[in-house]
Each structure stands twice: as C-alpha cells, then as structure tokens.
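S.K.: sequence first, then the predicted structure, then my questions.
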Amino acid sequence: MTPEQQRLAIANVCKVKALYSYALPARTLHCDVPDYLSDLNAMHEAEKMLTSERDCERYRENLNIILRGRAGDPFKGISGYLFHATALQRAEAFLKTLNLWTGK
C-alpha cells in the first residue's frame with residue numbers, strides 16, 4: 001500500500017473526512033487527515049477504534065510479527081516491548097488487523 005492509501009484507510013475507519021487538492025501535476029491528500037504513519041498520537045486515537053477483545057489480540061499479534069522482522073532490534077520478537085513500535089509499524093498492524101492491508 002502507498003502511504004496515502006494507508007492514511008486514507010485509517011482515516012476511513014476513524015471517520016475522518018479526507019479532502020484532496022487537485023493542483024497539477026497530481027491530486028494530493030489534504031493535510032486535514034492525520035499523519036498516522038509518523039504521529040504516535042494519531043495512531044493512539046486510531047487504536048481506540050479496536051474495541052473488541054478479538055481485534056485487540058489480533059492487533060497485538062500483528063504488531064509482534066512486524067517487530068520480529070525489524071533488523072538489528074535488540075528487543076526483536078519480545079512482545080513485552082510492543083510499546084517500542086513506531087507509528088508506521090502500528091499503522092501496518094492496525095490495517096492488517098482490520099483486513100484492510102493490501103500488498104506485501
């Protein structure tokens with residue numbers, strides 16, 4: 001998924017209205033959509049959308065899988081260190097939890 005697709009998918013779950021600018025050469029996402037991919041506060045708000053116990057467990061599992069793949073991480077694979085996840089990693093896990101992730 002492109003960064004814009006990720007941001008829009010999370011914004012849709014969070015009921016955030018996406019606005020576009022159609023300035024040439026291409027349409028771009030308006031800044032009113034939070035930058036979920038780099039802002040931990042924005043991802044914290046998105047995580048609040050995971051209300052079922054099942055979704056929370058799947059989110060934790062997805063985040064753990066993503067963290068295990070991080071090269072050179074001294075905490076790699078240790079679920080107790082999930083709080084070290086970046087906003088980008090949380091966004092990917094969030095989208096995978098809700099079956100919204102497309103691509104790799």
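M.R.: Looks like it came in fine.

S.K.: can we go C-alpha only for contacts and neighbour counts from here?
M.R.: Fine.

S.K.: helices or strands up against the helix or strand where Glu61 lies?
M.R.: Element membership for Glu61 (DSSP states H and E) is helix 53-68. Contact analysis of helix 53-68 by 3 or more C-alpha pairs under 8 Å, 6 or more residues apart in numbering; DSSP states H and E lists helix 87-97 as its packing neighbours.

S.K.: packing partners for the helix it packs on?
M.R.: Helix 87-97 packs on helix 3-13, helix 40-47, helix 53-68, going by 3+ C-alpha pairs under 8 Å, 6+ apart.

S.K.: between the ones you listed, which one is nearest to Asp32?
M.R.: helix 3-13 (10.1 Å; C-alpha to C-alpha).

S.K.: now the helix holding Glu61: buried residues?
M.R.: Within helix 53-68, the residues scored as buried using 16 or more other C-alpha atoms under 10 Å are Cys56, Arg58, Tyr59, Arg60, Glu61, Asn62, Leu63, Asn64, Ile65, Ile66, Leu67.

S.K.: grab the nearest non-local neighbour of the third one.
M.R.: Excluding the flanking residues, the one nearest Tyr59 by C-alpha to C-alpha, 6 or more residues apart in numbering is Thr97, at 5.3 Å.
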